[in-house]
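Colleague: 3D model of this:
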Amino acid sequence: MNKEDYIKLVNKKMGGNARKLLLNQIEKFYDALNNYKPKSSNYKVGDLVKLDKGTLLHGTYKNIEGLEKIAKEGLICDLVVEGRKSKYPLTVGVWNLQKDYYLKDYIDFYSGGTVKFISEDKKSTEVIPYSRMSTFMNYVKNKDYFRWEIEQTKEARFMPSYEQEKVQIGIIFNGNNGYIEELLKGDILSNSISDVDVKPFVGEWYYERFLKDRKEKDDFFTDRESAIIFGLPACFIEGILVGRTYENDNDMLKKIKALLPNCYICNLDGKVIME
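Modeller: Numbers count the residues shown, from 1 in each chain. Down below sits the predicted model:
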């Protein structure tokens, strides 16, 4: 589909401010696609990847098939949403880094677990990195809580991680440019879109809780996420993170490089394996 096709579909399917927001995001998407000039990285094989604050990442469980589609069309939401079953329909989800990281440290962070500590009069949440999980029980003993709950981080489910092999592709987007800043004005997880206007972009079953959670974020409803109306163009892709299966498949690495010749490929050690 091209720009005109998306505009026709939105005009047919949507009304009110939801239509205006979608059409505005489509304009920003194609403005970026037509005018943004990607920068080549200076990484060499073996270099540690450093991610700047504002970097955006997205994992695709469809792996190479998902990457082929995104490289060709961009990361675009499904505009044909029936029954509002999705948590955030008409948006695309990305991880939005809130500080500078070495990739190896970010992977260690999100490959751990998210913990909720509970007592009679207070509760708190925290992410325990993978490297600290072996001493987690000693850490718990020093906390003055009578109950705790732990689960995977959200990133560990949807990005290549130490915990699972299902997801083999993570996409690294350059998030430090004016075009991204404009597109992020359509992030429904920020408070920039009103409670009324955000409603068509949130599953009906989740809307009331969403309004509360969006204002009171913790390590479960995190400030590490963005859900961007419509999508992100592929011109922002600067690197691809691969899981161990793809890392050890030279034909797959060549296929990824052919799709995105100007992008580096890196592994779960946070190192560049193909320039």
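
Colleague: show me where the stretch 51-200 of the chain has its helices.
Modeller: For the stretch 51-200 of the chain, applying DSSP state H, counting those that start in this stretch gives helices covering 63-73, 103-110, 136-141, 154-158, 178-183, 195-198.

Colleague: least confident of those, on average?
Modeller: Here the lowest mean pLDDT among the helices of the stretch 51-200 of the chain goes to helix 136-141, at a mean of 86.

Colleague: look up the closest residue to the residue sitting nearest the centre point of the chain, ignoring the ones flanking it.
Modeller: In the chain, the centroid-proximal residue (C-alpha atoms, centre = their mean) is V94; its distance is 1.9 Å. Nearest residue to V94, sequence neighbours excluded (C-beta to C-beta, 6 or more residues apart in numbering): L56, at 4.3 Å. (Each C-beta comes from the backbone N, C-alpha and C, glycine too.)

Colleague: show me what contacts the closest residue to Y110 other than its chain neighbours?
Modeller: Of all residues not flanking Y110 in the chain, E155 sits nearest, at 3.5 Å (C-beta to C-beta, 6+ apart). Listed by C-beta atoms under 8 Å, 6 or more residues apart in numbering, the contact set of E155 reads 59, 95, 110, 161, 224.

Colleague: nearest to K271 among these?
Modeller: S161 (16.0 Å; C-beta to C-beta).

Colleague: could you find the closest non-adjacent residue to that closest one?
Modeller: S111 (4.5 Å).

Colleague: could you do P200 as well?
Modeller: Excluding its sequence neighbours, the residue lying closest to P200 (C-beta to C-beta, 6+ apart) is A18, at 4.0 Å.

Colleague: need the helix or strand of the chain with the lowest average pLDDT.
Modeller: The weakest-scoring helix or strand in the chain, judged by mean pLDDT, DSSP states H and E, is helix 136-141 (a mean of 86).

Colleague: return the distance of that helix from the chain's centre.
Modeller: Taking C-alpha atoms, centre = their mean, to the nearest Å, one finds the center of helix 136-141 at 30 Å from the center of the full chain.

Colleague: quick check: L79 touching K12?
Modeller: No: counting by C-beta atoms under 8 Å, K12 is not a contact partner of L79; they are 9.7 Å apart.

Colleague: neighbour count: the two, which is higher?
Modeller: Per other C-beta atoms under 10 Å, whichever of L79 and K12 has more neighbours is L79, with 19 against 10.

Colleague: can you tell me how far the more buried one is from Y206?
Modeller: In this structure, L79 and Y206 are 20 Å apart, going by C-beta to C-beta, to the nearest Å.

Colleague: could you do I169 as well?
Modeller: On the measure of C-beta to C-beta, I169 and Y206 end up 27 Å apart.

Colleague: between the two, which is the more surrounded one?
Modeller: Higher neighbour count among I169 and Y206: I169, with 24 against 14, using other C-beta under 10 Å.

Colleague: follow-up on the earlier one: residue contacts, the residue nearest to V94?
Modeller: L56 neighbours (C-beta under 8 Å, 6+ apart): 94-97, 172-173, 175, 180, 226, 232, 236.

Colleague: out of the residues you listed, who's nearest G46?
Modeller: I172 (17.7 Å).

Colleague: number of residues surrounding the nearest residue to that closest one once chain neighbours are set aside?
Modeller: Residue nearest to I172 in three dimensions, not counting chain neighbours: G239, with 3.9 Å by C-beta to C-beta, 6+ apart. Applying other C-beta under 10 Å, we find 22 residues neighbouring G239.
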